[in-house]
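S.K.: Mind folding the following:
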Amino acid sequence: MKYRKLGRTGLDVSAICLGTMTWGSQNSEAEGHEQMDYAVSQGVNFFDTAEAYPTTPATPKNSGDTERIIGTWLEKRGKRDDIILATKVAGVGNKNIDEGAPISAAKIRRACERSLQRLRTDYIDLYQLHWPNRGSYHFRQSWKWAPHTHDGDKALDDFLEALETMDALVREGKARHMGLSNETAWGTMNYLRLAKEKGLPRVVSVQNEYSLLHRIFDLDMAEVAAHEDVGLLAYTSTASGSLSGKYRGGDIPAGARMSVQPDLNGRYTERSKPAIEAYLDIASKHGLDPAQMAIAFVLSRPFTTAVIIGATKMDQLKSNIASVDLDLSDAALDDIAETYKRFPIPL
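M.R.: The predicted structure follows:
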């Protein structure tokens, strides 16, 4: 396993982070435990979850079940300090939790206490804000993203309230570090500015979507990551499995993500299919497993702290973790670059 620094914390996290959002829906508790056991045996020390998980599908009844599965594993294992555990507080729009209440001091506190109880732990290593209150351009929202309509002063007030609450949780020993998710360059920089001005916790990471099909992080966010040490925790690096080739030819394996989400949250459409085919052809040309190629590419990006992988089957998990040892050749990277020029924004 390879390890990288988490922001400026001094913590070394595995470049492969174990994602968990299928546990409690597509995966049972026993399967979740098996995945954690194997991941740790391969040197993975970084787990990511959220109070909103599982999401395939998400229902009012199963929210939090993923954290519960991790909690029973931690309790059974009897060892906590060698795992870097990340979770997230949900916010506006998630009607399954607190009726979709926006992130606030009260919301963060309630969510933290519930997560600690479900996870059966005294502290969270990385506590992340799942979605900005003002909305996000992720999940195909970029086509109608209108930041000029947002109340910037209100957003800054929200940032400061979140930072002050995180500071209190850190002082109480309930959280160690703060991260963002689905955030922009403007938002991230203002969190950093306010933290510096007020002596509050510094944001150490941002969890945004990044894959061969979705590379908007290459622009402004890459500059923030490079100069501010706010690394990317990349989710959906295989574009919900579409870059693995398992849906090629219209196949939908039993229990696969597409059986739950037919368009893979907008990642598998008539617009994206030609790009997917082009990347699958590159993998074939260079004798590479396509999912491993997709993950290895994201790992090769200079701004990536870790790739969050997910799997419903153990063979997928083993293959995905092994991606950390794949170094793409210059020839493969050149082909990827040319394909990117042909399909810069296929989602």
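
S.K.: Can you tell me the centre-most residue of this structure?
M.R.: Note on the chain: the residue nearest the mean C-alpha position is Tyr235, at 3.8 Å, using Cα atoms, centre = their mean.

S.K.: Just give the nearest non-adjacent residue to it, would you?
M.R.: Ile308 (4.8 Å; Cβ to Cβ, 6 or more residues apart in numbering). In short, each C-beta sits where N, CA and C put it, glycine included.

S.K.: same thing with Ser300?
M.R.: That would be Leu328: by Cβ to Cβ, 6+ apart, it lies 6.2 Å from Ser300.

S.K.: shouldn't the one you found be in contact with Val298?
M.R.: No - with contact defined as Cβ atoms under 8 Å, Leu328 does not count as touching Val298 (10.7 Å).

S.K.: helix/strand/coil for Val206?
M.R.: What DSSP: H, G, I helix; E, B strand; the rest coil gives for Val206 is strand.

S.K.: Number of residues surrounding it?
M.R.: 30 (other Cβ atoms under 10 Å).

S.K.: right, and it touches Leu233 too?
M.R.: Yes - at 7.0 Å, Val206 counts as touching Leu233 under the criterion of Cβ under 8 Å.

S.K.: ok, the residue nearest to Tyr235 to Glu113 distance?
M.R.: Look at Ile308 and Glu113: by Cβ to Cβ, to the nearest Å, they are 25 Å apart.

S.K.: residue ranges for the strands of the stretch 1-150 of the chain, please.
M.R.: Remark: strands assigned in the stretch 1-150 of the chain by DSSP state E, counting those that start in this stretch are 3-5, 12-14, 16-19, 46-48, 84-89, 124-129.

S.K.: how about the ones you listed in TSV, adding distance to Tyr137 and mean neighbour count?
M.R.: Below are the strands of the stretch 1-150 of the chain laid out as TSV (distance: least, Cβ to Cβ, whole Å; neighbours: other Cβ atoms under 10 Å):
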stretch	distance to Tyr137	mean neighbour count
strand 3-5	26	15
strand 12-14	26	20
strand 16-19	21	26
strand 46-48	21	27
strand 84-89	18	26
strand 124-129	16	25
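
S.K.: Could I get the buried residue list for stretch 155-162?
M.R.: 155, 158-162 (16 or more other Cβ atoms under 10 Å).

S.K.: which residues touch stretch 92-108?
M.R.: Here stretch 92-108 makes contact (Cβ atoms under 8 Å, 6 or more residues apart in numbering) with 51-52, 58-60, 63, 89-91, 110-111, 129-131, 133, 135, 158, 161-162, 164-166, 169.

S.K.: Buried subset of those residues as a ChimeraX selection?
M.R.: Buried residues among the contacts of stretch 92-108 (16+ other Cβ under 10 Å), as a ChimeraX selection:
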select :51,52,58,63,89,90,91,110,111,129,130,131,133,135,158,161,162,165,166,169
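
S.K.: sorry, back to before: I figured the residue nearest to Tyr235 hits Ala15, correct?
M.R.: No - if you go by Cβ under 8 Å, Ile308 and Ala15 don't touch, sitting 10.7 Å apart.

S.K.: returning to what we had before: mutual contacts of Val206 and Leu233, please.
M.R.: Gly179.

S.K.: I'd assumed Pro346 was in contact with Ala278.
M.R.: No - Ala278 lies out of contact with Pro346 (Cβ under 8 Å); the separation is 9.3 Å.

S.K.: neighbour count winner among the two?
M.R.: Per other Cβ under 10 Å, whichever of Ala278 and Pro346 has more neighbours is Pro346, with 21 against 18.

S.K.: Can you list phi and psi of the more buried one for me?
M.R.: Main-chain dihedrals, Pro346, degrees, to the nearest 10: phi -80, psi -10.

S.K.: same thing with Ile83?
M.R.: For Ile83, the backbone dihedrals are phi -110, psi 130 (criterion: degrees, to the nearest 10).

S.K.: Look up the pLDDT of it for me, please.
M.R.: At Ile83, the model reports a pLDDT of 98.

S.K.: Can you give me the neighbour number for Pro253?
M.R.: Around Pro253 there are 13 other residues, counting by other Cβ under 10 Å.

S.K.: can you tell me how far it sits from Leu288?
M.R.: The gap separating Pro253 from Leu288 is 21 Å, by Cβ to Cβ.

S.K.: follow-up on the earlier one: from the buried residues of stretch 155-162, pick the one nearest His148.
M.R.: Nearest to His148, judged by Cβ to Cβ, of the buried residues of stretch 155-162 is Ala155 at 12.6 Å.
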